[in-house]
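*Asks:* Fold the following for me, if possible:
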Amino acid sequence: MLDSLVGSLDRISRRLAWVGGAAVLVAAGVVTFDVIARKFFGFSLAGADEISGYVLADAVALSLAFVIFERANIRIDLAVKSFPSLLQGAFDLLALLLLLAFLGVVTYYGWNLLSDSFQHGSRAVTPLRTPLAIPQTIWIAGLIFALFSGSVLFVAGAAAIAKRRYAAAQKLIGIKSLDEEIETESADILPQEKKG
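*Replies:* Sure, this is the predicted structure:
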């Protein structure tokens with residue numbers, strides 16, 4: 001059951017990352033159009049820069065869970081790979097726990113910010129007067145999803161280590177090996193071999 005939950009959350013995280021990436025591309029297009037329109041046609045789309053700021057913050061938050069599942073967060077691997085498997089797993093759990101603690105703090109304060117925005121009807125001090133609860137709701141949803149997904153991964157990693165399935169724990173929460181990095185990068189570049 002835990003494995004299927006991890007798989008489902010991983011699939012959702014990929015979709016959210018795609019949504020975030022698409023939103024950034026659209027925002028970049030709108031800002032580009034705004035710059036060209038101002039330069040050559042003398043008019044401007046009011047608030048393009050403001051909206052692109054919201055989109056960027058929301059896209060990052062929506063992509064955080066994907067980063068956790070891909071084990072793409074930055075960690076320094078100075079000597080950990082030379083440790084016994086159990087110790088490597090313990091360090092991987094500690095690294096994930098520290099990441100989750102940081103996400104927890106950001107989510108806590110983000111929730112308070114969103115709550116204040118709803119309570120006071122806060123709006124941006126810009127010509128658009130954007131209700132701040134709109135972008136903040138998307139932002140906090142991404143943070144909560146990342147925190148929940150990371151917590152599920154932590155439990156799955158701890159369970160794998162407890163069962164002495166160190167290779168499985170490594171695939172879930174460990175630092176990617178050089179071979180995994182090469183495989184990931186080359187899969188996007190090199191054509192797949194046909195199975196026949």
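*Asks:* For residue 166, see how far away the closest residue to residue 30 other than its chain neighbours is.
*Replies:* Spatial nearest neighbour of residue 30, chain neighbours left out: residue 48 (5.2 Å); criterion: Cβ to Cβ, 6 or more residues apart in numbering. C-beta here means a position set from N, CA and C on the backbone, and glycine is covered the same way. Distance, residue 48 to residue 166, by Cβ to Cβ, to the nearest Å: 50 Å.
*Asks:* Repeat that for residue 22.
*Replies:* 38 Å.
*Asks:* Ok, residue 141 next?
*Replies:* From residue 141 across to residue 166, the span is 34 Å (Cβ to Cβ).
*Asks:* got it, and residue 20?
*Replies:* For residue 20, the distance to residue 166 - Cβ to Cβ - is 33 Å.
*Asks:* So between these two, which is more surrounded?
*Replies:* residue 20 (22 against 17; other Cβ atoms under 10 Å).
*Asks:* Quick one: the helices in this structure, in order.
*Replies:* For the chain, the helices defined by DSSP state H cover 2-36, 48-69, 85-120, 133-162, 166-173, 178-189.
*Asks:* wait, which of those helices is closest to residue 127?
*Replies:* Across those, residue 127 has its closest neighbour in helix 48-69 (8.6 Å, Cβ to Cβ).
*Asks:* so how far is the closest one off the chain centroid?
*Replies:* 8 Å (Cα atoms, centre = their mean, to the nearest Å).
*Asks:* what do you get for stretch 85-96?
*Replies:* Here the centre of stretch 85-96 is set off from its chain's centre by 21 Å, with Cα atoms, centre = their mean.
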